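[1] pasting the sequence and the predicted model now:
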Amino acid sequence: MAYSGRAQRPISSLLKQLKTSHSYSSWTRCNGFNGQSMFQSNAISRCKAPSFRPTAELGWVLGFSHACRRYSAEVGSTEQVGLIKQLRERTSAPMKDVKAALVDCNWDLEAAYTELRKKGIAGASKKGARIAAEGMLALAQDEKVAAVIELNCETDFVARNEIFQYLALSVARSALTMDALPKLLSESATIDLKLLGEMNIVLDHPKLTREITVQDAIMEVAAIMGENVKLRRGFALSSANGIVSSYLHTSPQPGLGRIAGLLTLESENGGAPTEVLQRVGSNLAMHVVAARPLFLSRDHVATKTLEAERDILKTQAAASGKPQAAIEKMVEGRLRKFVEEIALLEQKFVMNDKVNVKSVLEDLSKEVGQQIKVGSFLRVEVGEGIQR
């Protein structure tokens, strides 16, 4: 097999030219033939008067040997392992990408770090078309206001990564401090993602330490993780005369979870004991996660929803062959049960199914000496509504 256009003999024939009457166990390089690399034995130096004539093919062999020796001489194997470990810890990039970047940058750690970031950020837009249905919900709150955001990624593996989770919590805290949040809360519970993405965020993590916009921080983490990472949505709730309570399900650490339940408890006159409200409010937030209510009360159930369910129930009851009067009673009875399943105040309390949520609030009102009601509630789950 030939290695270049000018090489006409196989490598085996070139090696024969190097053989002498001595038998050498290994070879190293020395200089001495018109500036060309020569070979010498570990035991005997042979850098004088070669018994053969250098050829184009031989020059290729010697150049290859010189490159290999220089590669291993400049950075030892122990140092290479150390550099790979440092860069991998710093970036969390795949091992093969870390090693390739170091080799391309001649084992310069900082240059390789920059190269990885460039490649990652440049590829972030390509990843954007991939489905990101995993991730985390991050919650930030004080007594009166709570903000929850959904940060998505492609795999559960990345969702468990500490850098990803740190970013999610940082974005939620930023959402809580938005200047536009009070106005937003007076109009809707939805956070404007464009405004949030343009906010500056101060990152204080060993692998992310600087001030950057939320959107740029997300792109940088996408580059590190090698996946599509995106901020999907955000919500906020506030209480005027009470508290905001929350519950996070499947929570790897405080402030993070896969399902979030939030609600506000409002007191009639204000000044109700916060500890008591939080105790009951936390249980009700857990109920929201478990029972999946769609509306606050019977009166809030949309007419369109009721009519659609009534039509379905009529069709089912008609198949029974019973008289029309009996069918009407069956339909109304099942419709009441349907409302009890989707309206929060009508639902059976998950911690005591002998009472409904309305009864829990009545007992709480008696305990604090004034009327307590649920102002609003919210249930959010990672990936809901995304086609996988």
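    Received the coordinates, thanks.
[2] can you give the strand pairings for the helix or strand harbouring residue 138, parallel or anti for each?
    Under the assignment given by DSSP states H and E, the secondary-structure element containing residue 138 is strand 134-141. Partner strands for strand 134-141, per DSSP bridges, with pairing direction: strand 145-153 (antiparallel), strand 256-257 (antiparallel).
[3] which one, of those, ends up nearest to residue 282?
    Judged by Cβ to Cβ, the one of the strands paired with strand 134-141 that comes nearest to residue 282 is strand 145-153, at 12.5 Å. Every residue, glycine included, has its C-beta placed from N, CA and C.
[4] now the element after the closest one, going C-ward?
    Proceeding N to C from strand 145-153, the next assigned helix or strand is helix 156-159, under DSSP H and E.
[5] for the stretch 201-350 of the chain, which segments count as helices?
    Remark: helices assigned in the stretch 201-350 of the chain by DSSP state H, counting those that start in this stretch are 214-225, 274-291, 303-318, 324-342.
[6] quick one: low-confidence parts of the stretch 151-300 of the chain?
    Counting by pLDDT under 70, the stretch 151-300 of the chain contains low-confidence ranges at 183-184, 186-188.
[7] tell me where this structure has strands.
    The residue ranges that make up the strands of the chain, judged by DSSP state E, are 27-33, 36-41, 134-141, 145-153, 200-205, 208-213, 230-238, 242-249, 256-257, 259-267, 348-349, 352-356, 372-381.
[8] which of these sits closest to residue 104?
    Judged by Cβ to Cβ, the one of the strands of the chain that comes nearest to residue 104 is strand 208-213, at 23.7 Å.
[9] that closest one pairs with which strands, and in what direction?
    Strand pairing for strand 208-213, using DSSP bridges, gives strand 200-205 (antiparallel).
[10] let me know the angle separating the partner strand from helix 214-225.
    Here strand 200-205 points in a direction 30 degrees away from that of helix 214-225 (axes from the mean of the first three to the mean of the last three Cα atoms, to 10 degrees).
[11] buried sites along strand 200-205?
    Within strand 200-205, the residues scored as buried using 16 or more other Cβ atoms under 10 Å are 201, 203.
[12] same deal with stretch 293-311?
    Under the neighbour-count criterion of 16+ other Cβ under 10 Å, stretch 293-311 has 293, 295-297, 301, 309 buried.
[13] how long is it end to end?
    Counting by Cα to Cα, to the nearest Å, you get 21 Å between the two ends of stretch 293-311.
[14] roughly how far apart are the closest residue to residue 150 other than its chain neighbours and residue 202?
    In space, and not counting its chain neighbours, residue 150 is closest to residue 232: 4.6 Å by Cβ to Cβ, 6 or more residues apart in numbering. Separation of residue 232 from residue 202 (Cβ to Cβ, to the nearest Å): 23 Å.
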